[in-house]
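> Provide a 3D model corresponding to the input given below.
(one chain, ligands or ions: 2)
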Amino acid sequence: MAEEKMPHPGHDRHLCYLTNLGFMLESPEEYKKLVKNSKYMCANCGRAANKAENLCKPIEL
Ligand SMILES: [Zn+2]
Ligand SMILES: [Zn+2]
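Numbers count the residues shown, from 1 in each chain. Ligands and ions are numbered 1, 2, ... in the order given. From the prediction side, this is the model:
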């Protein structure tokens, strides 16, 4: 398994990263859970998520 360098801790759980891996296609149900009732938006890429911990630069909506 190739080990990718993460720009910051927890990035492997950030939607910014996961969507690049095709997460929303592979696990649409999980993805829906993460973005459902979004309260935060990523200031980097504009993705929305329910939890701040799933974004690189969460800003409250
Ligand atoms: Zn982002
Ligand atoms: Zn990140």
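> Roughly how far does the residue most central in space within the chain sit from residue 61?
Central residue of the chain (Cα atoms, centre = their mean): residue 15, 1.3 Å from the mean position. To residue 61, residue 15 is 14 Å away according to Cβ to Cβ, to the nearest Å. Bear in mind the C-beta positions are built from the backbone N, C-alpha and C, glycine included.
> thinking again about what came up before, what's near enough to touch the residue nearest to the centre of the chain?
Residue 15 sits next to 23, 31, 34-35, 42, 47, 49, 54-55 when contact means Cβ atoms under 8 Å, 6 or more residues apart in numbering.
> Residue 12 too?
Residue 12 is in contact with 6, 18, counting by Cβ under 8 Å, 6+ apart.
> Would you mind giving the secondary structure of residue 33?
Look at residue 33: counting by DSSP: H, G, I helix; E, B strand; the rest coil, its state is helix.
> wait, I meant residue 59
strand.
> Show me what it bridges to in the sheet.
Residue 59 forms beta bridges with residue 41, as assigned by DSSP bridges.
> just checking, it touches residue 44?
No - in this structure residue 59 lies outside contact range of residue 44 using Cβ atoms under 8 Å: 10.0 Å.
> of those two, who's got more company?
For the pair residue 59 and residue 44, the greater number of neighbours falls to residue 44 (14 against 11), based on other Cβ atoms under 10 Å.
> which SS class is the more buried one?
coil.
> give me phi/psi at it?
Residue 44 adopts backbone torsions of phi -80, psi -50, taken as degrees, to the nearest 10.
> residues in contact with it?
16, 55-57.
> again, only this time at 7 Å
By Cβ atoms under 7 Å, 6 or more residues apart in numbering, the residues touching residue 44 are 16, 56-57.
> Adding neighbour count, distance to residue 27 and pLDDT, write these out as CSV.
As requested, the contacts of residue 44 are exported to CSV (neighbours: other Cβ atoms under 10 Å; distance: Cβ to Cβ, whole Å; pLDDT from 0 to 100):
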residue, neighbour count, distance to residue 27, pLDDT
16, 18, 16, 94
56, 17, 20, 97
57, 14, 23, 97
